[in-house]
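*Asks:* need a 3D model of the following:
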Amino acid sequence: MYRRYNQYSNSNNSLSRGTRKYVQTKLDFGQKKQDKYVENPSLVRYNFSNIMLCQNELNVEDKLINHLHYIRMPFYEVDNPEKLNVNNYNKIKKALTSLPINNSNTFQYALLQYHPELSNTDSSLLNNLRRYESKYPEEASSFFKNTLPYIIEQALNLPKYLTKPIPLLGKYMNIAITINKLQAISLLANQFLCIFTNENHKIYQTPECSFLGMLSSPNFPIDSSVEKIRCVIHYFEKMKSRSIDSLKSELLTYQRVSLKDSDIPDWIHSKMDICNVIIDKGKNIEDCENMLQVDFANSYLGGGVLKAGCVQEEIRFTINPELFISMIFTQRLDHLESAFIIGTERISKFKGYGRSFKYNGDYNDSYIAFDKWNRKSTEIVALDATHYGSSYKKYIQFSTKDTIREMNKLYIGFKENEFSSLSKGSYIATGNWGCGAYNGDLELKALLQIMVASIAERNIYYCPFDQVEFADRLGQVISSLKQHNITTDLLYKLIRTYNNEVVFASVNQNKLPNITLFDYILETVKYN
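*Replies:* As a prediction, the model looks like this:
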């Protein structure tokens, strides 16, 4: 079926000797591995239920209860996660309520009462909050007068709202927890006020979840961080106007999915027709209603959102602030794991990207229906792609090992989810996953997503962001694949052959490939 394409190399673009040896070793290694290669042969060990913290229950089987670890929570004893540390609670309450907090200086004074170790930091402490105060004085005045007291009240209500400890969503687990919106507000308030510390990050490899990094930036304030602060403040402003009963009735689910090797498809022999693919150049993933929406995640959920980061994942967390809560209790994702967050509310409009990101007013998502569990039917799956930090590493991603890793990761997110309320076979809203800062190959990553969605019996709604020319080429390739009846097993073999006959052959000759994956496929299928 396939012809040799060793001629597709470019003699004008050569690799250095060291680079060639490095890439060649990685590509060689990939070819020798089996087609179901994973870092760990079997990850999942414990299958928990959906733990209903919204009802203040730990509905866990007796045989599993000893395998739970609990997050260290504000106000509670370190060695007894259900026992309130009264002294610590009163200390924080006094710091936040004994004197009026009407500007950044008084906010800092209160913060230092329960974080005295920060007193030795430089002038960068809370500099983004000060920048917010100087740039938007009317907003800031309203925040300190009206919204901050609400945030403080909700933070201090945590022992009343949440009477059971929060389990760690850890490695080797299939586990979900469901909380109500009132509990979510209280948890987020504790993050915003920096009452959560980084203890959990050090112990359990969860993301750092304190907002200290968003409120402060090293050396100088960052305007995009100021805009992220505005989005979070707007969330609390909206919640303040809602009734306690409505907040208690609305639910959110945070889920970790882990698989074992035997659950993963045999990629080389899985034969399915290519799924339906809609390419929409004018739509963003967050606008795709009734679809599973992909978060281009970091293995630490949220990525750099609490620091200077402001790309796809960070923006999504900022406009759906209930996503921040996942950072409290979700351990770093492993290769055969993904995370689902179901029911978050989108709060803000925005414009720009990266350093140009800006809050752009209220977003009303009241049109989003509730599912049978009274969760917003917004379902987000966090999938962390492999990071190819330097340009020469880019070619490693075509190896068997790397493509299998990405397909396994995608399958964990795309397969049917027992806690989802989306219809069977629903579309997956995605785009340039693993590209951009991760240096993934646009063409490869798009085809891997389409192939995995096809095998999972889902469809793809592709949002190419600003890659307009690429979107046209993707449409051309999909049409050609369907026209020539290329099934998933054949597409997988095409990708493998491209790696062996073009990428590996070129690197072996100390040259760079001179044909893209798309062009290779289009030319090859002509001879099918």
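
*Asks:* switch to C-alpha atoms for all contacts and neighbour counts from now on
*Replies:* OK.

*Asks:* quick check: bridge partners of the residue nearest the centre of the chain?
*Replies:* By Cα atoms, centre = their mean, the chain has its centre lying nearest to A297, at 3.1 Å. Under DSSP bridges, the beta-bridge partners of A297 are D384.

*Asks:* which residue ranges form the strands in the stretch 351-500 of the chain?
*Replies:* Along the stretch 351-500 of the chain, counting by DSSP state E, counting those that start in this stretch, strands occupy 358-362, 379-384, 427-431, 459-463.

*Asks:* let me have these in TSV, extended by mean neighbour count and mean pLDDT.
*Replies:* Output for those, formatted as TSV (neighbours: other Cα atoms under 10 Å; pLDDT from 0 to 100):
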stretch	mean neighbour count	mean pLDDT
strand 358-362	17	98
strand 379-384	25	99
strand 427-431	26	99
strand 459-463	24	99
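
*Asks:* just to revisit the earlier point, the residue nearest to the centre of the chain touches I380, doesn't it?
*Replies:* No. Taking Cα atoms under 8 Å as the definition, A297 is not a contact partner of I380, at 10.7 Å.

*Asks:* how about stretch 325-337 as CSV, C-alpha atoms only?
*Replies:* Extracted in CSV, the C-alpha atoms of stretch 325-337 (Å, rounded to 0.1, in the frame of the first residue of the first chain):
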residue,chain,number,x,y,z
ILE,A,325,-11.3,24.2,43.2
SER,A,326,-10.0,21.2,41.3
MET,A,327,-6.5,22.4,42.2
ILE,A,328,-7.1,21.9,45.9
PHE,A,329,-7.5,18.1,45.7
THR,A,330,-6.3,16.7,42.3
GLN,A,331,-3.0,15.1,42.3
ARG,A,332,-0.7,15.5,39.3
LEU,A,333,-2.1,13.5,36.4
ASP,A,334,-0.1,10.4,35.3
HIS,A,335,0.0,9.1,31.7
LEU,A,336,-3.1,6.9,32.0
GLU,A,337,-5.2,9.5,33.8
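
*Asks:* and it, how far out from the chain middle?
*Replies:* Offset of stretch 325-337 from its chain centre (Cα atoms, centre = their mean, to the nearest Å): 9 Å.

*Asks:* give the buried residues for that stretch.
*Replies:* The neighbour-count check on stretch 325-337 (16 or more other Cα atoms under 10 Å) flags 325-337 as buried.

*Asks:* just stretch 96-112 next, same as before
*Replies:* Residues 96, 101-104, 107-111 are the ones in stretch 96-112 that count as buried (16+ other Cα under 10 Å).

*Asks:* among those, which lie within helices?
*Replies:* 96, 104, 107-111 (DSSP state H).

*Asks:* save these as TSV, and put in distance to T488 and pLDDT too.
*Replies:* As requested, these are exported to TSV (distance: Cα to Cα, whole Å; pLDDT from 0 to 100):
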residue	distance to T488	pLDDT
L96	59	98
S104	57	97
F107	57	98
Q108	57	97
Y109	61	97
A110	59	98
L111	56	97
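
*Asks:* L162 and S186, how far apart?
*Replies:* 9 Å (Cα to Cα, to the nearest Å).

*Asks:* residues shared between the contacts of the two?
*Replies:* Common neighbours of L162 and S186 (criterion: Cα atoms under 8 Å, 6 or more residues apart in numbering): none identified.

*Asks:* what are the buried residues along the helix ranked longest in the chain?
*Replies:* Scanning the chain for the helix with the most residues, using DSSP H, yields helix 223-240. Residues of helix 223-240 classed as buried: 223-237, 239-240 (neighbour count, 16+ other Cα under 10 Å).

*Asks:* looking at the strands of the stretch 351-500 of the chain, which is closest to E153?
*Replies:* Minimum separation from E153 across the strands of the stretch 351-500 of the chain (Cα to Cα) falls at strand 358-362, 23.3 Å.

*Asks:* for the closest one, packing partners?
*Replies:* helix 223-240, strand 348-351 (3 or more Cα pairs under 8 Å, 6 or more residues apart in numbering; DSSP states H and E).

*Asks:* now do 10 Å
*Replies:* Counting contacts by 3 or more Cα pairs under 10 Å, 6 or more residues apart in numbering; DSSP states H and E, strand 358-362 is packed against helix 223-240, helix 312-319, strand 348-351.

*Asks:* rebuild the ones you listed as CSV, extending it with distance to G361.
*Replies:* Shown next, in CSV, are those (distance: least, Cα to Cα, whole Å):
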stretch, distance to G361
helix 223-240, 8
helix 312-319, 10
strand 348-351, 5
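
*Asks:* so which of these comes closest to D266?
*Replies:* Of all the helices and strands packed on strand 358-362, helix 312-319 comes closest under Cα to Cα, at 30.3 Å.

*Asks:* following element in sequence after the closest one, please.
*Replies:* The helix or strand immediately downstream of helix 312-319 is helix 326-329, counting by DSSP states H and E.

*Asks:* packing partners of that following helix?
*Replies:* Using 3+ Cα pairs under 10 Å, 6+ apart, helix 326-329 sits against helix 181-192, helix 199-204, strand 251-258, strand 337-342.

*Asks:* still on that earlier bit, what's the closest of the buried residues of stretch 325-337 to T197?
*Replies:* I328 (10.0 Å).

*Asks:* list the contacts of that closest one.
*Replies:* By Cα atoms under 10 Å, 6 or more residues apart in numbering, the residues touching I328 are 71-73, 166, 168-169, 187-188, 191, 196-198, 200-201, 206-210, 301.

*Asks:* just the buried subset of those, written out for ChimeraX, thanks.
*Replies:* A single ChimeraX command selects the buried members of the contacts of I328 (16+ other Cα under 10 Å):
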select :71,72,73,166,168,169,187,188,191,196,197,198,200,201,206,207,208,209,210,301
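
*Asks:* from G303, how far out is the nearest residue to A446 once chain neighbours are set aside?
*Replies:* Counting by Cα to Cα, 6 or more residues apart in numbering, A446 lies nearest to N432, which is 6.9 Å off, once chain neighbours are set aside. Per Cα to Cα, N432 is found 17 Å from G303.

*Asks:* pull the CA atoms of the helix or strand hosting L148 into PDB?
*Replies:* For L148, the element it lies in under DSSP H and E is helix 148-156. What follows is helix 148-156, C-alpha atoms only, in PDB (Å, rounded to 0.1, in the frame of the first residue of the first chain):
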ATOM      1  CA  LEU A 148     -14.400  41.300  50.100                       C
ATOM      2  CA  PRO A 149     -16.600  41.200  53.300                       C
ATOM      3  CA  TYR A 150     -18.700  38.500  51.500                       C
ATOM      4  CA  ILE A 151     -15.500  36.600  50.500                       C
ATOM      5  CA  ILE A 152     -14.400  36.700  54.100                       C
ATOM      6  CA  GLU A 153     -17.800  35.600  55.400                       C
ATOM      7  CA  GLN A 154     -17.900  32.600  53.000                       C
ATOM      8  CA  ALA A 155     -14.300  31.600  53.800                       C
ATOM      9  CA  LEU A 156     -15.100  31.500  57.500                       C
END
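
*Asks:* show the subsequent helix or strand relative to it.
*Replies:* Using DSSP H and E, the helix or strand that follows helix 148-156 in sequence is helix 158-161.

*Asks:* so how far is that next one off the chain centroid?
*Replies:* Its chain's C-alpha centre and that of helix 158-161 lie 28 Å apart, by Cα atoms, centre = their mean.

*Asks:* quick check: mean pLDDT of that helix?
*Replies:* Helix 158-161 comes out with an average pLDDT of 97.
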